[in-house]
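Trainee: model this:
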Amino acid sequence: MAPRIRGKAETHSGIRKYWKVLSGKFLTKHFAYSLVFDPNRLPIVSLCLILVEVVLNIVVIHRVGYTEIDWMAYMQEVEGVLNGTFDYAHLKGDTGPLVYPAGFVYIFTILYYVTNQGRNIRLAQYIFCAFYIIMLCLVMRLYWRSKKVPPYVVVLACCTSYRIHSIFVLRLFNDPVAMLLCYAAINLFLDNKWLLGSLFFSLAVSVKMNILLFAPALLLVYITSLGIKGSFIQLSVCALVQLILGLPFLATNPLSYILGAFNIGRVFLYEWTVNWRFLPENIFLHLYFHVFLLFCHIILLGCFYRLSMTYLRSYATLKEVKMSARNQIKRNKETVDMSTSSQLLLLPLFVANFIGIACSRSLHYQFYVWYFHTLPYLLWCTPYSTPVRLCILGVIEFCWNVFPSTIVSSAALQVCHAAILYGLCKIKIQGKTV
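Mentor: Okay, here's the model as predicted:
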């Protein structure tokens, strides 16, 4: 039988089918690649990740034993308030006196009632699981807005830490509540919702004082974006929140409340330190060591002042330009990319917080949540190669999971902190380093 001769139309049809197969494979590979490396794909990755985290946290709650550390002490402290004691000098729990501001008292009073006076631990764990998921959504939104870090890094660094999961659902510390409110405030600042952002920031401070580590950069944000008058309004909002929340305690014994809730000279126990174990205990407890760290904190903030002001002035200018452009194209229902301006705002805030942590007199294990979710962002702002960045993240995670801390783990943690600070110093401003 004679061979069948294909017509031109049939030949073209075959070519189209072959091209569709090839293009389909290419698009599939390209899409998979973008899910790993393209920051624009972070919303898709985040959605999948959050669903996984919900399941993972439930498994952790049911399969890993809860460890009592501070939860019952929190309940005892708020129970004292509920019994009519508003003098901070007389409010205490099994772990010591109440050392947190008034916002902590109100939030944990709600938890006190919801969890049957703190006895329903399983319900408390589920509440903190919800806190974790909400905070993770807020953090992912910051990373997506900035488009600075690849999705695989965000997933590896922000969602694979045993210590962070433990701090939330196995320990029930108040630090996650403060950081949740803080990340909500930063998201609001990015959305130009200044009054609401200031409200949430002050609420975060009212839960735990460590949030004030962001304050030097936030003050610069206010001044560069809102001017002196606008800054005064935002600072007044922050102060008013603290005044209203603390009023019952201030009216009873103001000195006791201020010294108890905002004691910057508090001395921590050497046995719990994660970052200074390599020092002898007598040096760790010495007043001069505390003064030295405070001096280093101020000097480092001064060193990064120029970087922060350059970024924040650029942020304010770029925001005005883009807002003007947004108003012009609003009728066309187009969008304006604010990723660059988001980067300009986030870096000064994260750097100020990191400096405070690096110069802290003592870091306890629950303090890891103070800066854990900002580490990928900070490292991806440095000029280091990706393997070096990942190595630093890995070593930091290792150090925070060594219990109790050792000379090696604490020294390694401080070396990593120093490496991050050095890398941040290499950020170029108009061709010059900081």
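
Trainee: now do the same for the most centrally placed residue in the chain: its pLDDT.
Mentor: Taking Cα atoms, centre = their mean as the criterion, His373 is the residue nearest the geometric centre of the chain, at 4.7 Å. On pLDDT, His373 comes in at 95.

Trainee: per-residue confidence at the nearest residue to it once chain neighbours are set aside?
Mentor: Spatial nearest neighbour of His373, chain neighbours left out: Val139 (4.6 Å); criterion: Cβ to Cβ, 6 or more residues apart in numbering. The C-beta positions use only the backbone N, C-alpha and C, and glycine is treated the same way. At Val139, the pLDDT value in this model is 95.

Trainee: next secondary structure after the helix or strand where Tyr152 lies?
Mentor: Using DSSP states H and E, Tyr152 sits in helix 151-159. The helix or strand immediately downstream of helix 151-159 is helix 162-165, counting by DSSP H and E.

Trainee: tell me which other helices or strands that next one touches.
Mentor: With contacts taken as 3 or more Cβ pairs under 8 Å, 6 or more residues apart in numbering; DSSP states H and E, helix 162-165 sits against helix 42-63.

Trainee: elements contacting the helix it packs on?
Mentor: helix 121-146, helix 151-159, helix 162-165.

Trainee: show the average pLDDT along the helix or strand following that helix.
Mentor: The first helix or strand that comes after helix 42-63 along the chain, using DSSP H and E, is helix 71-82. Mean per-residue pLDDT for helix 71-82: 96.

Trainee: run through who's touching helix 71-82.
Mentor: For helix 71-82, contacts defined as Cβ atoms under 8 Å, 6 or more residues apart in numbering pick out 90-96, 98, 104-105, 108-109, 111-112, 117-118, 121, 124, 171-172, 174.

Trainee: re earlier: can I get the CA coordinates of the helix holding Tyr152 in CSV?
Mentor: Output of helix 151-159 as CSV, limited to C-alpha atoms (Å, rounded to 0.1, in the frame of the first residue of the first chain):
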residue,chain,number,x,y,z
PRO,A,151,9.6,32.4,49.0
TYR,A,152,11.8,29.3,49.8
VAL,A,153,13.8,31.4,52.3
VAL,A,154,10.7,32.7,53.9
VAL,A,155,9.3,29.2,54.2
LEU,A,156,12.6,27.7,55.5
ALA,A,157,13.4,30.5,57.9
CYS,A,158,10.0,31.5,59.2
CYS,A,159,8.1,28.3,59.5
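
Trainee: residues contacting Met309?
Mentor: Leu220, Thr224.

Trainee: if I look at it, how far off is Leu301?
Mentor: Between Met309 and Leu301 the computed distance is 12 Å (Cβ to Cβ, to the nearest Å).

Trainee: repeat that for Gly103.
Mentor: Distance, Gly103 to Leu301, using Cβ to Cβ: 25 Å.

Trainee: these two: which has the busier surroundings?
Mentor: Higher neighbour count among Gly103 and Leu301: Gly103, with 24 against 17, using other Cβ atoms under 10 Å.

Trainee: tell me the mean pLDDT for the helix or strand that contains that one?
Mentor: Assigned by DSSP H and E, Gly103 belongs to helix 102-114. Per-residue pLDDT over helix 102-114 has a mean of 97.
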